[in-house]
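>>> give the three-dimensional model of this entry:
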Amino acid sequence: MATTQKRATPTSWLLRAALALVFLYASVSSFLSPQEWIGYFPQFMRDIVPTGVLLPLFSLYEMALVVMLLAGFYTKYVALLAAATLAGIVLANFQLFLITFRDMALVLAALALYFEER
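This is a model prediction of the structure:
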């Protein structure tokens, strides 16, 4: 029995690469400079989970998103996870909207990827 594999469209590939690049940078940078990133977590999360655990776990989650985006695994669902993650960061840091407003464009890019995938 022959199987057919769906090929990614150029639009899908560009959106996947762009989102992967964002999550890759954030993941690597948070390992190298955790003090620059831990403040983006809401205080209640930092009260529940030690910061020495919270940030590395989140960085691993981001790295998993990178791998799945680049490999094209469950892209439609990963796009929704990416959109929810980025929207959560914006909402949790609304007082920093002058910095995080760019993430809204990334949320829309992730949603565009969701709708691009079949």
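>>> where do the strands of this structure begin and end?
Using DSSP state E, the chain contains no strands.
>>> where exactly do the helices run in it?
Along the chain, counting by DSSP state H, helices occupy 10-32, 34-37, 43-48, 51-71, 75-92, 97-116.
>>> got a markdown table for those helices, with mean neighbour count and mean pLDDT too?
The way it works is simple: take the backbone N, C-alpha and C, and place the C-beta from them, glycine included. Below are those laid out as a markdown table (neighbours: other C-beta atoms under 10 Å; pLDDT from 0 to 100):
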| stretch | mean neighbour count | mean pLDDT |
| --- | --- | --- |
| helix 10-32 | 17 | 97 |
| helix 34-37 | 13 | 95 |
| helix 43-48 | 10 | 95 |
| helix 51-71 | 16 | 97 |
| helix 75-92 | 18 | 97 |
| helix 97-116 | 16 | 95 |
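>>> the most centrally placed residue in the chain and residue 114, how far apart?
Centroid-nearest residue in the chain, with C-alpha atoms, centre = their mean: residue 82, separated by 4.1 Å. Using C-beta to C-beta, to the nearest Å, we find residue 82 at a distance of 9 Å from residue 114.
>>> how about residue 85?
13 Å.
>>> pull the residues that contact stretch 34-51.
26, 29-30, 54-55, 57-58, 89, 92-93, 96 (C-beta atoms under 8 Å, 6 or more residues apart in numbering).
>>> could you dump those into TSV with distance to residue 78 added?
Listed next are the contacts of stretch 34-51 as TSV, based on distance: C-beta to C-beta, whole Å:
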residue	distance to residue 78
26	16
29	21
30	20
54	22
55	21
57	18
58	16
89	16
92	21
93	23
96	26
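>>> lovely, talk soon.
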